[in-house]
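Asks: build me a structure from this.
(4 chains)
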Protein chains: 2
Amino acid sequence: MSDEQVPQDFEALKAAILQRKAVLPKRLKQVAAYALDNPDEIAFGTAASIAVSADVQPSTLVRFAQHFGFEGFSSLQQIFRARLRERAPGYDERLRALAEKGHDELESGAILNGFTAAAHNSLDALTSAIDPVRFDKAVSVLANASTIYLIAKRRAYPITSYMAYAFGKLKIRCQLVGTAAGIDDDMLAFAGEGDAAFAVSFSPYAAETVGQARTVAEKGIPVVSLTDSVFSPLAEFSAVWFELAEADHAGFRSLSASMAFAMALTVAVAEKRQQIALK
Amino acid sequence: MSDEQVPQDFEALKAAILQRKAVLPKRLKQVAAYALDNPDEIAFGTAASIAVSADVQPSTLVRFAQHFGFEGFSSLQQIFRARLRERAPGYDERLRALAEKGHDELESGAILNGFTAAAHNSLDALTSAIDPVRFDKAVSVLANASTIYLIAKRRAYPITSYMAYAFGKLKIRCQLVGTAAGIDDDMLAFAGEGDAAFAVSFSPYAAETVGQARTVAEKGIPVVSLTDSVFSPLAEFSAVWFELAEADHAGFRSLSASMAFAMALTVAVAEKRQQIALK
DNA sequence: AAGAGAACAGAATAAACATTCCATTCGGTG
DNA sequence: CACCGAATGGAATGTTTATTCTGTTCTCTT
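Replies: Prediction:
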């Protein structure tokens, strides 16, 4: 409805949605968010299937469409399909389009491209560097732990901090070591039989991380570790360890592959726990 | 019919068509030619509309699909739609290679693969989602700041914690907000003219992050923000904001693309600072 | 050239689909 | 707190759509 004009292309629709997003009723806002986040689903799905995904009624989709001036859901859907037609032409034309986007014209854009490329490379390396059998073993070790101690400092710290967040959401007990100086060793003193640790350290290896992990290992607690070199001191005393080298851009490394690895490990541990619990 | 396998993707279908092209009956050949020449039409059209375009009967389309082992026209159409959905032509080969590496034999390996694939997709989305001009603008804002305040909680916190580490190494003054509860607001109280802030928040948005960023913005301090949806409340008051949706695997999202973005932003800021300093 | 088999067009049918309608709930206001 | 309008969920509806079926037309073989 409204006296305004009906959006004729995706950009216009997006603009219209953003403009009215504050005024939109609850369910319609829900649809709006879903539509902008999953445009492909709207393009190909049926009203029923989309309704399930977006957790609304099919009729809500129709109302949404009418709210923005369309006759019904179908005519709204045309917008989403047209969008795909425009940018679907060939196989590798996409890459050319990227180059034409002007990323390289600005220096900052070139940097962004560089890190993206480095991240892709890191992920490729990840696949070949991680032996699935060892990965599964690491998962088992951590899944059987009562409490998982996450040890990391400096550049590796964001990895364990994310794992701590995810483990928390998954209701798996863990203890993040490396936050405040001083109390780390006190926390680790609580570690005992039935626990396990996950240590991350990249070159140059933080002495603290290595020392703490070693102490834990000497107490008989299994340590799983992630490093960027076979020479890592962590390898000596770890039950399972992984070498994962991040590609760099201009000497700086992002944590893209490590993050993917960490997340996979976290979720795999959660999954294995459920299996264990079911027995 | 035929003892062969039903094509599961567009490439396989194309190969099957070309292989049997000579043996195909007249009308079916006609459909085959049309399908390969106008794949988009097949993807979006209805049997009736395609029949008109290709100058055949709808029933011929059904027979064509069945001739290649599909149950009916609809299941054939899925192949053409899947082709358009594929975000990254070129990566499909890589992903197929992944699957053949034996990772899938173990469940934990499948999870690792899933996150790797999701990370690749996220990175692809990153390239097209970030407007280089806006990125450059964001870099400028942060490069001119005296102190950069990094605001993030929960799932977004690892990103700023990594940036804080990197900024530290690069000798750029920054303040990480979000560590310990309570003192955050006190730290932000120091923020004043000449400073800038970088806020990260993913759905569901932490109220604290939004509130703190808003407070800072209202003091006239420019805020650069990173979110995963255009609906983010951060967008309202940010000088520059970026929407970056991470692909998920089984509902869990890693931070691979966000990490690459964060690192690019960090390094680009450092670079621009040097340029400014030289003048 | 005649017969048999496959291929086809077009109508009939059944399934899927978007849409509409109405009873109920929700959220704001006097 | 009661009221009113907007918003919503869910079933009923009517339309569109794919599919099946049947009589006919090709096409190849002998």
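
Asks: low-confidence ranges in the stretch 101-250 of chain A?
Replies: A:101-106, A:179-182, A:231 (pLDDT under 70).

Asks: now do the helices in it.
Replies: Assigned by DSSP state H, counting those that start in this stretch, the stretch 101-250 of chain A shows helices spanning A:107-129, A:132-143, A:157-169, A:184-189, A:207-218, A:234-237.

Asks: tell me which of those sits nearest to residue B:252.
Replies: Nearest of the helices of the stretch 101-250 of chain A to residue B:252, taken as C-beta to C-beta: helix A:157-169 at 7.1 Å. Any C-beta I mention is one placed from the backbone N, CA and C, and that applies to glycine too.

Asks: now that closest one against helix B:157-169, angle please.
Replies: For helix A:157-169 against helix B:157-169, the angle by axes from the mean of the first three to the mean of the last three C-alpha atoms, to 10 degrees is 170 degrees.

Asks: for helix A:157-169, buried residues please.
Replies: Neighbour-count burial for helix A:157-169, counted by 16 or more other C-beta atoms under 10 Å in any protein chain shown, picks out A:157, A:158, A:159, A:160, A:161, A:162, A:163, A:164, A:165, A:166, A:167.

Asks: so which of these comes closest to residue B:240?
Replies: Of all those, residue B:240 sits closest to residue A:158, with 23.0 Å by C-beta to C-beta.

Asks: report the separation between that closest one and DNA strand D.
Replies: From residue A:158 across to DNA strand D, the span is 38 Å (C-beta to the nearest atom of the strand, to the nearest Å).

Asks: residue contacts, residue A:219?
Replies: Residue A:219 makes contact with A:191, A:192 under the criterion C-beta atoms under 8 Å, 6 or more residues apart in numbering or on different chains.

Asks: switch to 10 Å and redo it
Replies: By C-beta atoms under 10 Å, 6 or more residues apart in numbering or on different chains, the residues touching residue A:219 are A:188, A:189, A:191, A:192, A:193, A:195, A:197.

Asks: distance of it from DNA strand D?
Replies: 54 Å.

Asks: what's the separation between that residue and residue B:41?
Replies: Between residue A:219 and residue B:41 the distance, using C-beta to C-beta, to the nearest Å, works out to 67 Å.

Asks: repeat that for residue A:110.
Replies: Applying C-beta to C-beta, one obtains 39 Å for the distance of residue A:110 from residue B:41.

Asks: go on, residue A:114?
Replies: When distances are taken as C-beta to C-beta, residue A:114 and residue B:41 turn out to be 39 Å apart.

Asks: these two: who's more crowded?
Replies: Neighbour tally, residue A:114 and residue B:41, criterion other C-beta atoms under 10 Å in any protein chain shown: the higher count belongs to residue A:114, 20 against 16.

Asks: so that one makes contact with residue B:264?
Replies: Yes. In this structure, residue A:114 is within contact of residue B:264 by C-beta atoms under 10 Å, at 7.4 Å.

Asks: before we move on, the earlier item: and which of the buried residues of helix A:157-169 is nearest to residue B:122?
Replies: The shortest distance between residue B:122 and any of the buried residues of helix A:157-169, using C-beta to C-beta, involves residue A:162 and amounts to 14.7 Å.

Asks: quick check: closest non-adjacent residue to that closest one.
Replies: The shortest distance from residue A:162 to any residue that is not its chain neighbour, by C-beta to C-beta, 6 or more residues apart in numbering or on different chains, is 4.2 Å, and that residue is residue B:158.

Asks: just the strands in chain A please.
Replies: Listed in chain order, the strands found in chain A under DSSP state E are A:148-152, A:174-177, A:196-201, A:223-227, A:240-243, A:248-249, A:252-253.

Asks: name the nearest residue to residue A:253, ignoring sequence neighbours.
Replies: With C-beta to C-beta, 6+ apart as the measure, residue A:246 is the residue that lies nearest to residue A:253, at 4.3 Å, once sequence neighbours are left out.

Asks: burial measure for the one you found, as a count.
Replies: By other C-beta under 10 Å, 25 other residues sit near residue A:246.

Asks: quick one: contacts for residue A:56?
Replies: Residues counted as contacts of residue A:56 (C-beta under 10 Å, 6+ apart) are A:26, A:27, A:28, A:30, A:31, A:34, A:50, A:63, A:64.

Asks: show me the contacts for the third one.
Replies: Contact analysis of residue A:28 by C-beta under 10 Å, 6+ apart lists A:17, A:20, A:21, A:56, A:60, A:61, A:63, A:64, A:67, A:68.

Asks: quick one: residues contacting the closest residue to the first one other than its chain neighbours.
Replies: By that I understand residue A:17. Counting by C-beta to C-beta, 6+ apart, the nearest residue to residue A:17 once its immediate chain neighbours are dropped is residue A:32, at 4.9 Å. Residues touching residue A:32, when contacts are defined by C-beta under 10 Å, 6+ apart, comprise A:13-14, A:16-18, A:20-21, A:24, A:54, A:64, A:67-68, B:230-231.

Asks: nearest to residue A:140 among those?
Replies: Ranking the contacts of residue A:32 by separation from residue A:140, with C-beta to C-beta as the measure, puts residue A:54 on top at 37.9 Å.

Asks: neighbours around residue A:236, how many?
Replies: Neighbour count of residue A:236, defined by other C-beta under 10 Å: 12.

Asks: was I right about it contacting residue A:199?
Replies: No. In this structure, residue A:236 sits apart from residue A:199 without contact. The criterion is C-beta under 10 Å, and the distance is 11.8 Å.

Asks: which neighbours do these two share?
Replies: In the contact map built from C-beta under 10 Å, 6+ apart, the residues linked to both residue A:236 and residue A:199 are A:210, A:213, A:214, A:217, A:225.

Asks: residues near the closest residue in space to residue A:276 that isn't next to it in sequence, how many?
Replies: Closest residue to residue A:276 in three dimensions, ignoring its sequence neighbours and counting by C-beta to C-beta, 6+ apart: residue A:143, at 6.3 Å. Other residues lying near residue A:143 total 21 when counted by other C-beta under 10 Å.

Asks: closest point of the stretch 101-250 of chain A to DNA strand C, which residue?
Replies: Proximity of the stretch 101-250 of chain A to DNA strand C (C-beta to the nearest atom of the strand) peaks at residue A:169, 26.6 Å away.

Asks: wait, that residue touches residue A:263, no?
Replies: No. With contacts defined as C-beta under 10 Å, residue A:169 does not count as touching residue A:263, sitting 11.7 Å away.

Asks: so what sits against both of the two?
Replies: Shared contacts of residue A:169 and residue A:263, defined by C-beta under 10 Å, 6+ apart, are found at residue B:252.

Asks: show me what residue of the stretch 101-250 of chain A gets nearest to DNA strand D.
Replies: Taking C-beta to the nearest atom of the strand, the stretch 101-250 of chain A has residue A:169 as its residue nearest DNA strand D, at 25.7 Å.

Asks: what of the stretch 51-200 of chain A?
Replies: residue A:59 (3.3 Å).

Asks: which residues touch that residue?
Replies: A:27, A:47, A:51, A:73.

Asks: what about those residues, which are in helices?
Replies: Counting by DSSP state H, the contacts of residue A:59 place A:27, A:47, A:51, A:73 in helices.

Asks: neighbours around the last one, how many?
Replies: Counted with other C-beta under 10 Å, the burial measure for residue A:73 works out to 21 neighbours.

Asks: okay then, goodbye and thanks.
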